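Participant: 3D, please:
(2 chains)
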Amino acid sequence: MRIVVALLLLLLSLAPVHAVAPDEVLDDPALETRARALSAGLRCMVCQNQSIDDSDAPLARDLRILLRERLVAGDSDEEVIAFLVDRYGEFILLRPQFNLKTALLWLAPAILLVVGAIIAFGVFRRRRPVAVSGLSGDEEAELQRILSDGKNG
Amino acid sequence: MIAELGHFALILALVLAVVQSVLPFWGAMTDDRRLIAVAGPAAVTQFLLVGLSFAALVHAYIVSDFSVLNVVENSHSQKPLLYKITGTWGNHEGSMLLWVLILALFGAMVAAFGRNLPDRLKALVLAVQAWIASAFLLFVLLTSNPFIRLNPAPIEGNDLNPVLQDIGLAVHPPLLYLGYVGCSIAFAFAIAALIDGRIDAAWARWVRPWTLAAWMFLTLGIAMGSYWAYYELGWGGFWFWDPVENASLMPWLAATALLHSAIVMEKREALKIWTVLLAILAFSLSLLGTFLVRSGVLTSVHTFASDPTRGVFILAILCVFIGGGLSLFAFRATRLAPGGVFAPISREGALILNNLFLTVLAAVVLTGTLYPLVLEALTGARISVGAPFFNLIFIPLAVPLLIIVPFGPMLAWKRGDLRAASERLFAAFGAAILAAAVSAWLAGMDDVLALFGVALAFWLIVGALSELAFRVKLGRAPVAESFRRLAGMPRSAFGTTLAHAGVGVTVLGLVAATTWASEDILTMKAGDTVEVASRTLKLDGFQQRAGPNYAETVARFTVYDGGAAVAVMEPSKRNFAARQTMTTEAAITTFGLSQLYISLGDITPESAVTVRVFWKPLVTLIWLGAVVMAIGGILSLSDRRLRVGAPKPARRTVAAPAE
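Facilitator: Okay, here's the model as predicted:
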């Protein structure tokens, strides 16, 4: 299934290194946790759908180090993201921002759920069983007569 | 010579597929019995021919016939026999041939096992099946021919991508293709019903086993692929929301929905139109998956443009079948009369909710996967839609669906009693609360969502078992009586229980392995130790070894638990000379249901190595859950009531006086 990914990975990592290398890890555990969380949401732009946290590519390593430098310098998570988007474009975000271009992407699930619910509701209304008392006494008798006719005939 | 034989057999298969596309269809339209009778033998012969062709290609791989271009590009004489064989479908051309082979196999199975189908319906189904086969045979022959010769023949081949030299390649693609292509049968039945303009409960009974089989293979194929990625790619992940994975998840979601709506149709003659639409959608998503993976469109819109023939060809097939199927649906669906009535709170109502959520989930995966491609093609803007997006949208939509799963089987058809159903699920609710409390005691309250996830998993598992307990009157009747009832239960009832419980098992694995996993990244030298999940890991040293077509550096670790050595783990780095590539082989040891996972990074000249050690609690449950689901499928499939064509005798007695 991940043949394409694997192929690309191989192309990109002829001398494979590890995703996060020990020398990258920050001394401050709180900062490191933030760095890991942030890098899981950032795309390694030369890879096929991989975050920089997972990727072996040299670019991913550079980005991980850059990101940690910004964190050490005291940037907030939002500032780091803004800095990277400014530099590399929205493509770097694995979770796209909500804007005009991505409105349909973000709203599609809600729209579909509402439309689907309306259709389902319509089905329920159409299919609601008729009240059991729908037949009058005469009709019941008529029904019985037809049913017994059917059995005999 | 044998390659030419394979090539020739493939051309013959195409000719036969065209015959099978036209004659039985014409026969069904004009009520010509002789033409209708062509369908069965044509389908079986077509399968034999494609089988012969496939065997010829496998033969070329086994004997390393380097005068065949496809073998040169993907094989090597030093490769172990198993990988020579599996390498047959480890490339574009071979995998398309496998796809066609499985398509022909399903056609032949309909011909062989569909003896109880009405001849006319069978002829139509096989004709539609042959339309698909013709299109794909033409695709293989014109754009992806694996039998092209090379002159002069090189002495050695380029070898198979080392990542693919794994038992996973032997199992994963065939399973997945069985699932994808199995959906084509439901599609063929739907198209046949639309052409015929007639559809009833019997139709659903015929379609359900095929859908169930396809669903089972998809379930196993996806799980197998996930486990393969987990141990082979070396960073411990099991699902990446990669477009290629999404391509297999979408048909799975649609097939799951179809499976459930077909039950409503079979039992209550309701949701006919919707079931037909789902059958078309499930196969459309399978075709889309094939297109996404095979056209190269995923890597980038630009690669698509640089090698357009294949992509455009599959896109054309896609448009013809999806567009054609949906148009036919639009024109003919109104002729299908809607069936039985029911109240919102009923088994039907629950199954409609199930379908609503599953369809929306499939649509979410679809939009997320295609949105960046479409946006780039239309505006040139490049965005990424990855795991953080899917997790954020998919999980909140999946949770309500999972919550209602145990209610479904507890509600009666037509009009259910929600209060009675809730009372019967009291034990499941208690188990869920208890499980969450125990997890909180063990792991702390830090992650409330994870505790909720554990509760949900137990709600599903115990909820599924509660249904069984209710049906055998456990605790409400003498034990002997319950046992007697249990023995008398149809197998499909156990199938439902297992499939639903399996979902819970997978959920538990997912929650535990993502929340409570630990990861250590460190540099180690021989003699160094590290503590992981109350065990001690010691790096004993390094060793060089030679494999059949690679050389590897192995790091030997011993795992100590309370001073005693409990396991030896040997992760390695392999160097494949033919392709000049390195792979990382992770070492995995299973403790109970959890796994210790070691993968190696760089080895420095000073004999220090970068090591990534993961502890993945309950991770095996993710895949075991899928296996449990598939066993549920097998049980259901083996139920006598579900076997194809139970209604035939009745038809015959009705038809007899006319002759």
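Participant: show me the domain layout of the chain.
Facilitator: Looking at chain A here, since you left the chain open. A:3-92, A:103-152 (automatic domain parsing).
Participant: wrong chain, I was asking about chain B
Facilitator: B:184-411, B:425-514+B:622-630, B:518-616.
Participant: any idea how far apart the tips of the longest one sit?
Facilitator: To tie it back to what came earlier, the one meant is domain B:184-411. 32 Å (C-alpha to C-alpha, to the nearest Å).
Participant: now it, how far from the centre of its chain.
Facilitator: Relative to the centre of its chain, domain B:184-411 is centred 11 Å away, using C-alpha atoms, centre = their mean, to the nearest Å.
Participant: kindly provide the distance from residue B:70 to residue B:174.
Facilitator: For residue B:70, the distance to residue B:174 (C-beta to C-beta, to the nearest Å) stands at 18 Å. Bear in mind the C-beta positions are built from the backbone N, C-alpha and C, glycine included.
Participant: of these two, give the one with the bigger neighbour count.
Facilitator: For residue B:70 versus residue B:174, neighbours defined as other C-beta atoms under 10 Å in any protein chain shown are more numerous around residue B:70 (27 against 19).
Participant: contacting residues for residue B:578?
Facilitator: By C-beta atoms under 8 Å, 6 or more residues apart in numbering or on different chains, the residues touching residue B:578 are B:76, B:78, B:156-159, B:549.
Participant: how about residue B:582, phi and psi?
Facilitator: phi -110, psi 140 (degrees, to the nearest 10).
Participant: how about the residue positioned nearest the centre of chain A: what's its closest non-neighbour residue?
Facilitator: Among the residues of chain A, the one closest to the centroid is residue A:95, at 8.1 Å (C-alpha atoms, centre = their mean). If the residues on either side of it in the chain are set aside, residue A:95 comes closest to residue B:388, at 3.8 Å by C-beta to C-beta, 6 or more residues apart in numbering or on different chains.
Participant: if we can go back for a sec, out of the domains of chain B, which is the most enclosed?
Facilitator: domain B:184-411 (a mean of 21; mean count of other C-beta atoms under 10 Å in any protein chain shown).
Participant: okay, the domains of chain A in JSON lines with distance to chain B, mean pLDDT and mean neighbour count next?
Facilitator: Converted to JSON lines, the domains of chain A look like this (distance: least, C-beta to the nearest C-beta, whole Å; pLDDT from 0 to 100; neighbours: other C-beta atoms under 10 Å in any protein chain shown):
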{"stretch": "domain A:3-92", "distance to chain B": "3", "mean pLDDT": "79", "mean neighbour count": "17"}
{"stretch": "domain A:103-152", "distance to chain B": "4", "mean pLDDT": "75", "mean neighbour count": "12"}
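Participant: closest to residue B:82 out of the ones you listed?
Facilitator: domain A:3-92 (17.8 Å; C-beta to C-beta).
Participant: the chain: strands as residue ranges?
Facilitator: Looking at chain A here, since you left the chain open. With DSSP state E as the criterion, chain A has no strands.
Participant: my bad, the chain I had in mind was chain B
Facilitator: Remark: strands assigned in chain B by DSSP E are B:518-525, B:529-532, B:535-546, B:551-561, B:564-569, B:572-576, B:581-585, B:587-591, B:594-603, B:608-616.
Participant: on that earlier part again, nearest approach to residue B:118 belongs to which of the domains of chain B?
Facilitator: domain B:184-411 (8.8 Å).
Participant: measure the residue sitting nearest the centre point of chain B to chain A for me?
Facilitator: By C-alpha atoms, centre = their mean, the mean C-alpha position of chain B lies nearest to residue B:218, the distance being 2.0 Å. Going from residue B:218 to chain A by C-beta to the nearest C-beta, to the nearest Å gives 12 Å.
Participant: low pLDDT regions in the stretch 251-400 of chain B?
Facilitator: B:296, B:298-308, B:337-339 (pLDDT under 70).
Participant: from the contacts of residue B:578, list just the buried residues.
Facilitator: Using 16 or more other C-beta atoms under 10 Å in any protein chain shown as the burial test, the contacts of residue B:578 include B:76, B:78, B:157, B:159, B:549 as buried.
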